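Undergrad: quick one: sequence plus predicted model below, questions after.
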Amino acid sequence: MFIKIVYYIALSIIFIGCGSDSLTSSDDTSSLDENDIFSTYIYSDGDKKSSSITQSDCSQKEQNRILYSTMKNNYLWYEYVPDVDYSEYNSTESLLEDLKYREYDRWSYITTTTKYNDYYERGIYGGFGFSFEQYDDRLFVKFVYRNSPAYRVGFRRGTEILEINKKTISEIESENLLSNGGVGTTGVFKIVNSGVEKVVTIEKEIIKTYSIFGDKIIDIDGKRVGYFVLNRFIEPTRSELKIVFEKFKKDGIDELIIDMRYNGGGRISVANYLASLIGEDRDESLFERLEFNDKYTKLNSTINFTKEKNRLNLDRVFIISTDKTCSASEMIINGLRPYMDVHLIGSTTCGKPIGMRGKDFCGKHLSPIEFKLLNADGYGDYFDGITPTCSVSDDIFHSFGDRDESMLKETLFFIENSICSSVNKRYKMQKKSTKDSFFNGFWREIDAI
């Protein structure tokens, strides 16, 4: 039986054969104290509560002062922060944009403490319940959450969006029409499924996210290959990973494919948990090292692999990647490479070998870049991304887990033949970067609206 947590394309592919061949769903600016090092996180949240400042003065000037002080002291690139009159700014958001080191920092952001905690602790956000990608000046849905408003009106992986609020895609090039507005905000979409156009109105609701979109075991060439789709590293991810790895351990898989094509990152501790589940016994060996700026070298620390009973005794792992594979996902790749073969199938990752710590004040959550990441070999210079073993583009017209989906197909070919296929660039649509006006700051982490 084919069960999915996230639905992808209008005509779902049914897997025929033994039960293990189906894709199954998992169940639904003062510095921080040096002892609070695990208030750190890669793409966003930390493993303890963020540093919180109790404020009696929450005037705009005081909020700006806190932000400015943090960037001048704790920020990894503090020496590049310009001298400005922070009292002249009408919002912390606009001040942060002027303070960021543009050459490398695409990630530091401010959101509300409530939104931040809702997402990283509970896995919820207010939205329509889907994500999208732009190809050849056309907009396509790349995933939809089950039971979301978007799913109920017919959005599927591969659905094309022609208009949003009566504007064509080219007309909304620089407009932020999707991320603005909370629960109850409506949007009007003209979409196409299987050649049929329709106009739908969707109202934003509280969306319950899933970290693992689905998993399956594929039998090829006498091997059992475990495959699962991992979309983030937030607190609820732990229990989902536990279920999948218990299954893989019981079934005795020979190879492992982790599909992280859209995984933008998350908590260090969750990434460390996953890394500790993969490969031979290396308990207490170094996974990653965190290095702060020269003002806070006392915070430099190491993260070691942990002992996990469902650890898979494998000597290699395959990771499906795109330019949306970022941060904690790249930490998995870089952290495992000193110990085992890590093969990337897809495209070059986003290039974020750095991390952030949180600060809460006046109902806001500030996430500035504060440290860089190095593996056991001392390597962490991948700002240009990590290049794949075999290059192949995302294939949004097939469901995850479909053996004809280009990225999974290429991975299976490599497992069987130990080389990349001669047609591994078979998917020809040219992807464009998702509009920054759509996915900025905190929305870049959620990667959905």
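TA: Nice, thanks for sending it over. Numbering: from 1, shown residues only.
Undergrad: which residues touch the residue positioned nearest the centre of the chain?
TA: Centroid-nearest residue in the chain, with C-alpha atoms, centre = their mean: G264, separated by 1.8 Å. Contacts of G264 were listed using C-beta atoms under 8 Å, 6 or more residues apart in numbering, and they are 43, 232, 324, 326-327, 329, 350, 444-445, 447. Backbone N, C-alpha and C define where each C-beta goes, glycine included.
Undergrad: helix, strand or coil for it?
TA: coil (DSSP: H, G, I helix; E, B strand; the rest coil).
Undergrad: without its sequence neighbours, what residue ends up closest to it?
TA: Distances taken as C-beta to C-beta, 6 or more residues apart in numbering put C326 closest to G264, at 4.7 Å, once the chain neighbours are dropped.
Undergrad: against E288, how distant is the one you found?
TA: Taking C-beta to C-beta, to the nearest Å as the measure, C326 falls 15 Å from E288.
Undergrad: can you check E103 too?
TA: 23 Å.
Undergrad: between those two, point out the one with more neighbours.
TA: Each of E103 and E288 has its neighbours counted (other C-beta atoms under 10 Å); E288 has more, 26 against 9.
Undergrad: related to what we said a few turns ago, ok, and the most crowded of the contacts of G264?
TA: S329 (32 neighbours).
Undergrad: that residue belongs to a helix?
TA: Yes. Judged by three-state DSSP, S329 forms part of a helix.
Undergrad: pretty sure it contacts T349?
TA: Yes. Between S329 and T349 there is a contact under C-beta atoms under 8 Å: 7.1 Å.
Undergrad: does the residue nearest to G264 count as helix, strand or coil?
TA: What three-state DSSP gives for C326 is coil.
Undergrad: need the per-residue pLDDT for it.
TA: pLDDT, C326: 96.
Undergrad: gap between it and N165?
TA: For C326, the distance to N165 - C-beta to C-beta - is 29 Å.
Undergrad: also S148?
TA: Following C-beta to C-beta, the distance that separates S148 from N165 is 19 Å.
Undergrad: who has more neighbours, these two?
TA: Comparing S148 with N165 by other C-beta under 10 Å, the one with more neighbours is S148, at 24 against 15.
Undergrad: count of residues packed around the nearest residue to the more buried one once chain neighbours are set aside?
TA: Counting by C-beta to C-beta, 6+ apart, S148 lies nearest to G129, which is 2.3 Å off, once chain neighbours are set aside. Counted with other C-beta under 10 Å, the neighbours of G129 add up to 26.
Undergrad: contacting residues for G129?
TA: If you count contacts by C-beta under 8 Å, 6+ apart, G129 has them with 144-145, 148-151, 155, 205, 207, 448.
Undergrad: for S329 and T349, list the residues in contact with both.
TA: S321.
Undergrad: ramachandran coordinates for the spatially closest residue to F400 that is not a sequence neighbour?
TA: Distances taken as C-beta to C-beta, 6+ apart place V229 nearest to F400, at 4.8 Å, with adjacent residues excluded. Phi and psi for V229, reported as degrees, to the nearest 10, are phi -110, psi 120.
Undergrad: and V229, bridged to which residues?
TA: G214, D259 (DSSP bridges).
Undergrad: and it, how many neighbours?
TA: V229, neighbours per other C-beta under 10 Å, totals 28.
Undergrad: give me the distance between it and K142.
TA: 12 Å.
Undergrad: any stretches of this protein with poor pLDDT?
TA: Along the chain, the model assigns pLDDT under 70 to residues 1-55, 173-180, 423-440, 443.
Undergrad: strands of the stretch 151-300 of the chain, start to end?
TA: 160-164, 167-168, 186-193, 196-203, 205-208, 212-220, 223-230, 255-259, 286-292 (DSSP state E, counting those that start in this stretch).
Undergrad: return the distance of the shortest one from the chain's centre.
TA: What that stands for is strand 167-168. Counting by C-alpha atoms, centre = their mean, to the nearest Å, strand 167-168 is centred 28 Å from the centre of its parent chain.
Undergrad: which elements pack onto the helix or strand where E416 lies?
TA: Assigned by DSSP states H and E, E416 belongs to helix 406-417. Where contact means 3 or more C-beta pairs under 8 Å, 6 or more residues apart in numbering; DSSP states H and E, helix 406-417 is packed against strand 212-220, strand 223-230, strand 255-259, strand 316-321, strand 341-346, strand 390-391.
Undergrad: could I get those strands as JSON lines with distance to S87?
TA: JSON lines is the format used below for the helices and strands packed on helix 406-417 (distance: least, C-beta to C-beta, whole Å):
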{"stretch": "strand 212-220", "distance to S87": "47"}
{"stretch": "strand 223-230", "distance to S87": "44"}
{"stretch": "strand 255-259", "distance to S87": "48"}
{"stretch": "strand 316-321", "distance to S87": "44"}
{"stretch": "strand 341-346", "distance to S87": "47"}
{"stretch": "strand 390-391", "distance to S87": "50"}
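Undergrad: of all these, which one is nearest S422?
TA: Among the helices and strands packed on helix 406-417, strand 390-391 comes nearest to S422, with 10.8 Å by C-beta to C-beta.
Undergrad: so which elements touch that closest one?
TA: strand 341-346, helix 406-417.
Undergrad: send me the following helix or strand past the shortest one as CSV with only the CA atoms.
TA: Right, strand 341-346. Per DSSP H and E, the first helix or strand lying C-terminal to strand 341-346 is strand 354-357. Presented in CSV, the C-alpha positions along strand 354-357 are these (Å, rounded to 0.1, in the frame of the first residue of the first chain):
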residue,chain,number,x,y,z
ILE,A,354,28.3,28.7,9.5
GLY,A,355,25.7,28.8,12.3
MET,A,356,23.6,31.1,14.5
ARG,A,357,22.6,31.7,18.1
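Undergrad: ok now the helix or strand following strand 354-357, how far from the chain's centre?
TA: Moving toward the C-terminus from strand 354-357, the next helix or strand (DSSP H and E) is strand 359-361. Relative to its chain's centre, strand 359-361 lies at 23 Å (C-alpha atoms, centre = their mean).
Undergrad: give the contact list for the nearest residue to E246 once chain neighbours are set aside.
TA: Closest residue to E246 apart from its sequence neighbours, by C-beta to C-beta, 6+ apart: N310 at 5.4 Å. Contacts for N310 (C-beta under 8 Å, 6+ apart) come out as 242, 245-246, 248-249, 277.
Undergrad: got the phi and psi for N310?
TA: According to degrees, to the nearest 10, N310 has phi -100, psi 20.
Undergrad: going forward, the N-terminal residue is numbered 52.
TA: Let's use 52 as the start, then, which means that last one is N361.
Undergrad: for the strand or helix carrying I354, packing partners?
TA: Element membership of I354 [criterion: DSSP H and E] is strand 352-355. Helices and strands touching strand 352-355, by 3+ C-beta pairs under 8 Å, 6+ apart, are strand 337-343.
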